[in-house]
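Engineer: got a structure for you, letters missing:
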């Protein structure tokens, strides 16, 4: 189960299943045109982190809304996880987290700049407003798995930035390969599946997901005012209407009934 996205830019996704099933999918993808050199990362989950299998045709793998951006033409210079610490501790380097604000909130690299974007498509406007801060600086960028940086680094190259770098394989590869005692990473990494977050060694993190707003919640957040399982949390309690909350409560009720019958609920 999982999600696979297909666009003219390439193919990206996350799937989960038994070893034989994963191998069958990967082997099939590698037979597709230009996919023989497919790169992938592997980790484990204690339970199936997806409810269904989705394959979607998309205009963009990750939506940036910049037609001139072409990650197949040019991208920043790849930096291997073992070389990342040396780069981001260089005082001549500005480190930018290209992820959304709710992802950054639960973990990021030491000294990284958080653009505070709600969605990836907000990044170009943020850069336009802040580019003067980075004159004469090398730019190092990172994201969850390295995909967003394929586009954000191409964007900066198009904006005339001379030296642009990005973390090869993203945060996930860094957490997999760099020992915790040498790490410049603080917190957990948000992932878009049922695990919600992972830490060093790609071990499952402590976070759960608010099903009202899809933001991650730390264990202590479950005790805060506004939290109602499946309905709302302190971050979204004032963002949804009473009608929304009633609908979410009905969904949560159906999930509970399905569990009591021993069934899976796709909600």
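Structural biologist: The structure has been received and is ready for your questions. Remember, predicted model here, so these are calculated numbers, not experimental data.
Engineer: got the end-to-end distance for stretch 165-172?
Structural biologist: The straight-line separation of the ends of stretch 165-172 (Cα to Cα, to the nearest Å) is 17 Å.
Engineer: next one: stretch 159-169
Structural biologist: Using Cα to Cα, one end of stretch 159-169 lies 24 Å from the other.
Engineer: what average pLDDT does it get?
Structural biologist: For stretch 159-169, mean pLDDT rounds to 95.
Engineer: how about residues contacting it?
Structural biologist: Contacting residues not belonging to stretch 159-169 are listed as 39, 41, 75-81, 84, 87, 93, 127, 131, 134, 138-143, 145-146, 149-150, 152-153, 156-157, 173-174, 176 [Cβ atoms under 8 Å, 6 or more residues apart in numbering]. Bear in mind the C-beta positions are built from the backbone N, C-alpha and C, glycine included.
Engineer: I figured residue 92 was touching residue 137, is that so?
Structural biologist: Yes - here residue 92 lies in contact with residue 137, judged by Cβ atoms under 8 Å, at a distance of 6.5 Å.
Engineer: more neighbours, the two?
Structural biologist: Using other Cβ atoms under 10 Å, the more surrounded residue of residue 92 and residue 137 is residue 137, with 16 against 8.
Engineer: isn't the more buried one up against residue 94?
Structural biologist: Yes - applying Cβ under 8 Å as the test, residue 137 and residue 94 come out as touching, 4.4 Å apart.
Engineer: what's the mean pLDDT across stretch 214-227?
Structural biologist: On average, the pLDDT along stretch 214-227 is 96.
Engineer: between the two ends of it, how far is it?
Structural biologist: With Cα to Cα as the measure, the first residue of stretch 214-227 is 13 Å from its last.
Engineer: so where's the stretch 1-150 of the chain shaky on pLDDT?
Structural biologist: Residue ranges of the stretch 1-150 of the chain with pLDDT under 70: none are present.
Engineer: now the strands for it?
Structural biologist: Ranges of strands in the stretch 1-150 of the chain, per DSSP state E, counting those that start in this stretch, are 2-7, 10-15, 53-57, 77-79, 93-97, 107-109, 138-142.
Engineer: just name the most buried of those strands.
Structural biologist: Most buried of those, by mean neighbour count (mean count of other Cβ atoms under 10 Å): strand 138-142, with a mean of 23.
Engineer: give the pairing partners of that one; include direction for each.
Structural biologist: With DSSP bridges as the test, strand 138-142 is paired with strand 93-97 (parallel), strand 164-167 (parallel).
Engineer: need the contact partners of stretch 56-64.
Structural biologist: By Cβ under 8 Å, 6+ apart, the surrounding residues in contact with stretch 56-64 are 3-7, 9-12, 119-121, 123-124, 147-148, 151-152, 155.
Engineer: in it, what counts as buried?
Structural biologist: Applying a neighbour-count criterion of 16 or more other Cβ atoms under 10 Å, the buried positions in stretch 56-64 are 60-62, 64.
Engineer: and these, which two are furthest apart?
Structural biologist: Greatest spatial distance in these: 61 and 64, 9.6 Å, computed using Cβ to Cβ.
Engineer: list the beta-bridge partners for residue 5.
Structural biologist: With DSSP bridges as the criterion, residue 5 is bridged to residue 12, residue 56.
Engineer: do you know how far it is from residue 57?
Structural biologist: 8 Å (Cβ to Cβ, to the nearest Å).
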